[in-house]
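> just need the structure, nothing else, for what follows:
(chains A, B, C and D)
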4 protein chains.
Amino acid sequence: MAPSVALEWLNGCGEAEFVDRLGSVFEHAPWVAAAVARRRPYASADALHAAMLAELDGLREPQLVELLRGHPELAGAQARAGAMTSDSRAEQGSLALGEIADDSAATWDRLNAEYRARFGFPFMLCIRRHTRGSALREFERRLTNERSVELRNALAEIGRISRLRLAARIVDHGLVDIAGRLTTHVLDLSCGRPARSMRIELHETGPAGRRRLLEAETDHNGSTGSALLEGEPLRIGRYELCFHVGDYFRRRGVDAADEPFLDVVPIAFGIAEPEGGYHIPITVTPWAYATYRGS
Amino acid sequence: MAPSVALEWLNGCGEAEFVDRLGSVFEHAPWVAAAVARRRPYASADALHAAMLAELDGLREPQLVELLRGHPELAGAQARAGAMTSDSRAEQGSLALGEIADDSAATWDRLNAEYRARFGFPFMLCIRRHTRGSALREFERRLTNERSVELRNALAEIGRISRLRLAARIVDHGLVDIAGRLTTHVLDLSCGRPARSMRIELHETGPAGRRRLLEAETDHNGSTGSALLEGEPLRIGRYELCFHVGDYFRRRGVDAADEPFLDVVPIAFGIAEPEGGYHIPITVTPWAYATYRGS
Amino acid sequence: MAPSVALEWLNGCGEAEFVDRLGSVFEHAPWVAAAVARRRPYASADALHAAMLAELDGLREPQLVELLRGHPELAGAQARAGAMTSDSRAEQGSLALGEIADDSAATWDRLNAEYRARFGFPFMLCIRRHTRGSALREFERRLTNERSVELRNALAEIGRISRLRLAARIVDHGLVDIAGRLTTHVLDLSCGRPARSMRIELHETGPAGRRRLLEAETDHNGSTGSALLEGEPLRIGRYELCFHVGDYFRRRGVDAADEPFLDVVPIAFGIAEPEGGYHIPITVTPWAYATYRGS
Amino acid sequence: MAPSVALEWLNGCGEAEFVDRLGSVFEHAPWVAAAVARRRPYASADALHAAMLAELDGLREPQLVELLRGHPELAGAQARAGAMTSDSRAEQGSLALGEIADDSAATWDRLNAEYRARFGFPFMLCIRRHTRGSALREFERRLTNERSVELRNALAEIGRISRLRLAARIVDHGLVDIAGRLTTHVLDLSCGRPARSMRIELHETGPAGRRRLLEAETDHNGSTGSALLEGEPLRIGRYELCFHVGDYFRRRGVDAADEPFLDVVPIAFGIAEPEGGYHIPITVTPWAYATYRGS
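Next up is the predicted model:
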């Protein structure tokens, strides 16, 4: 993808250049960019995105359905064959939906077929907000909806997809509601101070199995420096933070039995708001701990 | 094994009957029972056991080593062939040490051989106080000891083994320090009441993998009625209690997202004192929980 | 008051003796006892009390009002002059309502007068379930009720008063819902064990000022041996438990600054259910504590 | 006092102006400023203060004692008569030590006299780091020291006093270790969100009685906007934060009895490090709360 540019540049460039840059924000629908190019300038990326969505709101149903039909199916044949736009490939690739096992592929194929048969257009989902588990569950749930509801859902998902695509194309875009944040903190209640140098792992758990996402270590503030996850949507799903409490207290000379009462402390939690803030700290002694969703 | 009898009966019976009942308390050493039979009566099972151990304390080293040599190796060839006394079979059977996989068997064989080569007698361990993981670790650790230390350790372990065997043979034995206790409790801090009908699972975890030990449900007091584990030693090792918090709050009508923040809450802990009391409660809301080793 | 007697004795004695013993359970209304005496025997104190209350349910309003008028006013002139039945004296005495200061007396006199003017009978309240503060608030609140509501309230309060009086007259009465229970517990999370020998004070707080009710010390279980309060109703009101945490950790050699972070830890709480169980434990380190209404 | 000036100005001004500005940083000892004026420029206020203290380190004992004798006694006759330098007046005034009751005055007079008789110079204390209670206790404790220890203590206290005075005279001074910080936070664990609009009071408690220092309200982040205390040393002493939890939950429609279990939640704590950070949050439901010294 071309490097991102400033909003000012987009406000000042020629129409062709504008469409060249933003035409792919809506899948196979460069006409959206062309339409809004004529109404420049835009005071903010938010205003520009709102203008784009307004174009879609004006569509009559046959046109909308045609737009939807331009999108690839999730983990569909097109995905597995690599025959998607680069944006779609990157988005689906984030979940490795093109590399799923054959039995999973059968499930997705069935769902895609059912959905298309029932509604006449492919299933729309902003996949960057989902884990495989939540995407599948969402798919199954939405299959039971009325067609009018799914037309609205499809528009909403296209709004989310295009917002993230737009953010990737504009430097310092200032768009809100496009990223979540996962942070943690460890307070050692046996000495009333932040726990320093405690190892922490973050795992994605869920129906598809357990996958380690990252590893971090607390600093002298009991935090991990930067957020564990930030800068993009948090994927809806289940996770586990593992705090290496036993090693920490052993290093501090706490007289531990061979089997310390607390060793690796797992905190299992769900993320339901991809653009939310999840602060999940623990307070801990060698014999107790507490956690909560903080702020 | 014969049904257990009352201490009064043991105090009053003939010497042959006494040895018949208690001769196998020490492996292949009915002479211990014979020796203490002559000094009856005993005011308590504790006094009887103390008298038995006093016989061992009087042994010179060659005699003690001979006694030790009467014991089978842990998970050894004898165990796998089923050629042990019924007591040893039951004890080792509690960990299914006779059914370990071939690669594990090689490890045990190596440790048994090294130990016997180094000390001249088999490794003594009251296996009913151990999980496979802690037994292996103990084995490796004790291999590095001085011989004099291991003679003392062997005597101590025989004391524990015989104490449990004696307890199994005497009705209402009143012996202390032969059993631990694991209990839990769930308090719902969102309403200030015990959490009723919450499902709980107990797993043994550790190097040999994860194994579900039992499942329980909280009653109207937030407890599980009886203790989760009691009546015998708690095995040294690592465990996990899993509390089905998400289901509980869903039934109470808490408006949960598709992915509730808390669903199955795992509390991972170690047991280091087989005869100790482990009370491991949680206090919980849909957004927070705390646990500790209580009393 | 005469020593309490067994239910069997009451079932077997003469009618005169029965009325002699139980006539005063309802203030100036020995006819209730006389009426139920004829229907003996009773299987339980509960059945006896139910029979007594059934007599009252049968009253027409003029008779009921006459019964109510037999009761003294709370902290009224009669109380202050000591001209009450011994039961009423004991009950009101429990709050020292006969010894209130002149300005308070004026408040009570005003409320008593307003109530009697409005409803035609004195204010009924089972004073042993109340602190002065809650009694006053209840008085003011009930003054705004309809007369029919207050007739029902008066009957309910007479039920409570007579139940406590009956309990005092029958040995091993087995009556439920006549007593609450306040307990506590201290767990030291820095060592994972109950906190032993920690001093605890219980204060009644509230509009009338602060009054120390009792002092206790934790035992080796972290409890206070017996309950802090039990055997009678807990008085509705506000309380404070003070835990001498600073002294406890100082004795354990925790290196405390001149001003330890935690010294005397106050837990302020309200009691709203006189017959309820209030378990109010703390878990504590030198730097943190938590409390909750437990079970 | 003259308005504060920039370090650059102090580095560039004439010697007389320099001494005019900074001569009173050490009580009745403008020669310190004069001495360091000659060694300008200073890269930081810290370097300047270090140079000043180095002058004192070079003093022989008689000169040092003379310097100490230039300081007023705490709450002494001079203070009560208002005959101090404006700095001393401001410092002692911060605790209203000039307005203490006669019986307290007698205590201070006795301590001042004993101290001076024992050591030959007045008691030095950076009073802005103390409450009355901690100042008195410090006084009594230091009276039992060796003279050599008290000479060192006096120098250390003069270092603290002069540092705060210097900070008041230099704009953007960048001096560290001259201020502490008290903050709080309230998290509502019944909904997993910060508690908004909860009233909080901060009281100083201690031997001299209870005094409300300030009142605040939580914002939508559960914090109080700015810190409760900051910008100057926290006074060593005992404090109480009172959280109006009952009102908060009542407004949120929690069905509370007349006497809610939690109403005003008091958190009593000590401050021992005047330049420290004290973060004292609570997590709370209508039935439970926890607090800790956080970071």
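
> burial count for residue A:93?
Counted with other CB atoms under 10 Å in any protein chain shown, residues neighbouring residue A:93 total 16. For glycine as for every other residue, the C-beta is placed from the backbone atoms N, C-alpha and C.

> over to residue A:197?
13.

> repeat that for the one 4 residues further on.
Residue A:201 is surrounded by 16 other residues when neighbours are defined as other CB under 10 Å.

> also the one 4 residues further on?
Burial of residue A:205, expressed as a neighbour count using other CB under 10 Å, amounts to 20.

> got it, and residue A:190?
Here the count is done by other CB under 10 Å, and residue A:190 has 21 residues near it.

> likewise for residue A:43?
Using other CB under 10 Å, residue A:43 is surrounded by 9 other residues.

> sec struct for it, please.
coil (DSSP: H, G, I helix; E, B strand; the rest coil).

> got it, and residue A:113?
Reducing the assignment at residue A:113 to three states with three-state DSSP gives helix.

> count the residues that sit near it.
Applying the criterion other CB under 10 Å, we find 12 residues in the vicinity of residue A:113.

> over to residue A:38?
Taking other CB under 10 Å as the criterion, the count of residues near residue A:38 is 8.

> my guess is it contacts residue A:15, does it?
Yes: in this structure, residue A:38 is within contact of residue A:15 by CB atoms under 8 Å, at 7.3 Å.

> who in the stretch 1-150 of chain A is up against chain B?
Within the stretch 1-150 of chain A, the positions lying close to chain B (CB under 8 Å from any CB of the partner chain) are A:134, A:137-138.

> kindly reformat those as JSON lines containing secondary structure and neighbour count.
Compiled in JSON lines, these are given as follows (DSSP: H, G, I helix; E, B strand; the rest coil; neighbours: other CB atoms under 10 Å in any protein chain shown):
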{"residue": "A:134", "secondary structure": "helix", "neighbour count": "23"}
{"residue": "A:137", "secondary structure": "helix", "neighbour count": "18"}
{"residue": "A:138", "secondary structure": "helix", "neighbour count": "19"}
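
> just after the lowest-mean-pLDDT helix or strand in chain A, pick out the following helix or strand.
Taking mean pLDDT, DSSP states H and E as the measure, helix A:77-81 is the helix or strand of chain A with the lowest mean score, a mean of 76. Following helix A:77-81 in sequence order, the next helix or strand is helix A:86-93 (DSSP states H and E).

> for that next one, C-alpha coordinates in CSV please.
Output for helix A:86-93, consisting of C-alpha atoms alone and laid out as CSV, is shown next (Å, rounded to 0.1, in the frame of the first residue of the first chain):
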residue,chain,number,x,y,z
SER,A,86,-4.6,-6.2,-0.8
ASP,A,87,-6.8,-4.6,1.9
SER,A,88,-9.0,-7.7,2.3
ARG,A,89,-5.9,-9.9,2.2
ALA,A,90,-4.3,-8.0,5.0
GLU,A,91,-7.5,-8.0,7.1
GLN,A,92,-8.3,-11.6,6.7
GLY,A,93,-4.6,-12.4,7.0
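
> buried ones in it?
Using 16 or more other CB atoms under 10 Å in any protein chain shown as the test for burial, helix A:86-93 gives A:87-89, A:91-93.

> returning to that earlier point: which one of the residues of the stretch 1-150 of chain A next to chain B sits closest to residue C:239?
Sorting those by how near they are to residue C:239, with CB to CB, puts residue A:134 at the top with 47.9 Å.

> residues from the stretch 51-200 of chain A in reach of chain D?
Contact residues, the stretch 51-200 of chain A versus chain D (CB under 8 Å from any CB): A:187, A:189, A:192-194.

> please list which of those are also close to chain C.
When contact is defined as CB under 8 Å from any CB, those meet chain C at A:189, A:192.

> who wins for most neighbours among the residues of the stretch 51-200 of chain A next to chain D?
Using other CB under 10 Å as the neighbour criterion, residue A:189 leads those with 28 neighbours.

> next secondary structure after the helix of greatest length in chain A?
Scanning chain A for the longest helix, with DSSP state H as the assignment, gives helix A:147-169. Sequence order places strand A:181-183 as the next helix or strand after helix A:147-169, per DSSP H and E.

> list the helices and strands the following helix or strand past that next one packs on?
Toward the C-terminal end, the helix or strand that comes next after strand A:181-183 (DSSP H and E) is strand A:186-188. The criterion is 3 or more CB pairs under 8 Å, 6 or more residues apart in numbering or on different chains; DSSP states H and E, and the helices and strands that strand A:186-188 contacts are strand A:193-194, strand A:282-285.

> tabulate those strands (JSON lines), appending mean pLDDT.
JSON lines is the format used below for these (pLDDT from 0 to 100):
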{"stretch": "strand A:193-194", "mean pLDDT": "95"}
{"stretch": "strand A:282-285", "mean pLDDT": "97"}
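
> where does pLDDT dip in the stretch 151-295 of chain A?
Judged against pLDDT under 70, the low-scoring parts of the stretch 151-295 of chain A cover residues A:256-257.

> how is residue A:253 assigned, secondary-structure-wise?
Classification of residue A:253 into helix, strand or coil gives coil, according to three-state DSSP.

> can you give me the offset of the longest helix of chain A from its chain's centre?
On the basis of CA atoms, centre = their mean, to the nearest Å, the separation between the geometric centre of helix A:147-169 and that of its chain is 13 Å.

> which residue sits farthest out from the middle of chain A?
Outermost residue of chain A with respect to the C-alpha centroid, by CA atoms, centre = their mean, is residue A:255; its distance is 43.1 Å.

> show me what residue of the stretch 1-150 of chain A gets nearest to chain D.
residue A:134 (19.6 Å; CB to the nearest CB).

> list the contacts of that residue.
Listed by CB atoms under 8 Å, 6 or more residues apart in numbering or on different chains, the contact set of residue A:134 reads A:206, A:235-237, B:258-259.

> run the last query once more with 6 Å
By CB atoms under 6 Å, 6 or more residues apart in numbering or on different chains, residue A:134 lies in contact with A:236-237.

> what do you get for residue A:127?
With CB under 6 Å, 6+ apart, residue A:127 has these contacts: A:91-92.

> rerun that using 10 Å as the cut-off
A:74-75, A:88, A:91-95, A:97, A:135, A:157, A:160-161, A:233, A:235 (CB atoms under 10 Å, 6 or more residues apart in numbering or on different chains).

> closest to chain B out of these?
Distances from chain B to the contacts of residue A:127, taken as CB to the nearest CB, are shortest for residue A:235 (10.1 Å).

> hang on, residue A:288 packs against residue C:193?
No: because the distance of 11.4 Å does not satisfy CB atoms under 10 Å, residue A:288 is recorded as not touching residue C:193.

> now for these two: what residues contact both?
When contacts are counted by CB under 10 Å, 6+ apart, residue A:288 and residue C:193 are jointly contacted by B:293-294, C:187.

> got any ranges where the stretch 1-150 of chain A has weak pLDDT?
Residue ranges of the stretch 1-150 of chain A with pLDDT under 70: A:1-2, A:97-102.

> how about the residues of the stretch 151-295 of chain A near chain C?
When proximity is defined as CB under 10 Å from any CB of the partner chain, the stretch 151-295 of chain A approaches chain C at A:187-193, A:261-262, A:283-290.

> what's near enough to touch the residue in the stretch 51-200 of chain A positioned nearest to chain C?
The nearest approach of the stretch 51-200 of chain A to chain C comes at residue A:192, 3.1 Å away (CB to the nearest CB). For residue A:192, the set of contacting residues under the criterion of CB under 10 Å, 6+ apart consists of C:261-262, C:285-288, D:292-295.

> what's the closest of these to residue C:223?
Lowest distance from residue C:223 to the contacts of residue A:192 (CB to CB) belongs to residue C:285, with 19.2 Å.
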